[in-house]
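[1] please find the sequence and the predicted model below.
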Amino acid sequence: MRHAKFLLGMLLGLLSLAAQADEFGVVYQTRGSFADVRNVLVASIEGKGLKINHSNFIGDMLERTGPAVGRTTRIYGQAEQLEFCSADISRAMMEADPHAIVMCPYSIAVYTLPQDPGVVYLAYRKPGPTANPKLAKALERVNRLLAGIIKETVEF
């Protein structure tokens, strides 16, 4: 019985690391409560010496404004986006291309879907492609930072 629990735990851990990517973003998922995962995400961001500048309560906003635009479908159980920046990585990015300012601040969304509140998703915008090699290097650092924060969160 103890072996079965161990194997189940390992399987759930592997599922937590599963990520899906598309053209605009990367999404990870883990099991747990929204509050717990959000708190670990905050600790992961702050543990890297980064300051969260702003929290966007996207789920609440959509619920509040839905009726005004004739929409009542509930999209999220809970949904929040945390914005932050890295002075070092952002400087390298903008020294490579001052127009890369649009990539800052970085953000990670944490959310649940109404049909399965025990699954918590973490997602970020994937830095786009560029022909500028210095900017590509800086954007890869952004990508590693965001993916690393999320992996640290789901492995907790």
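    Perfect, thanks for sending it.
[2] who does whichever helix in the chain runs longest touch, helix- and strand-wise?
    Longest helix of the chain, by residue count under DSSP state H: helix 133-155. Judged by 3 or more Cβ pairs under 8 Å, 6 or more residues apart in numbering; DSSP states H and E, helix 133-155 is in contact with helix 2-17, strand 25-31, helix 34-47, helix 87-96, strand 106-113, strand 116-125. Just so you know, the C-beta spots here come from the backbone N, C-alpha and C atoms, and that holds for glycine as well.
[3] now do that helix against helix 87-96, angle only.
    Computed by axes from the mean of the first three to the mean of the last three Cα atoms, to 10 degrees, the angle separating helix 133-155 from helix 87-96 equals 150 degrees.
[4] between strand 116-125 and helix 133-155, find me the angle.
    Using the same axes, to 10 degrees: helix 133-155 against strand 116-125 is 160 degrees.
[5] only C-alpha atoms, please: export helix 133-155 in CSV.
    The C-alpha trace of helix 133-155 is given here as CSV (Å, rounded to 0.1, in the frame of the first residue of the first chain):
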residue,chain,number,x,y,z
PRO,A,133,20.8,38.2,-31.2
LYS,A,134,21.3,40.3,-28.0
LEU,A,135,17.6,40.7,-27.5
ALA,A,136,17.1,37.0,-28.1
LYS,A,137,19.6,36.2,-25.4
ALA,A,138,17.9,38.6,-23.0
LEU,A,139,14.4,37.2,-23.8
GLU,A,140,15.7,33.7,-23.2
ARG,A,141,16.7,34.9,-19.7
VAL,A,142,13.1,36.3,-19.2
ASN,A,143,11.7,32.9,-20.3
ARG,A,144,14.0,31.0,-18.0
LEU,A,145,13.1,33.3,-15.1
LEU,A,146,9.3,32.9,-15.6
ALA,A,147,9.5,29.2,-16.2
GLY,A,148,11.8,28.7,-13.2
ILE,A,149,9.5,30.6,-10.9
ILE,A,150,6.5,28.5,-12.0
LYS,A,151,8.5,25.2,-11.7
GLU,A,152,9.6,26.2,-8.2
THR,A,153,6.0,26.9,-7.4
VAL,A,154,4.5,23.6,-8.6
GLU,A,155,7.4,21.5,-7.2
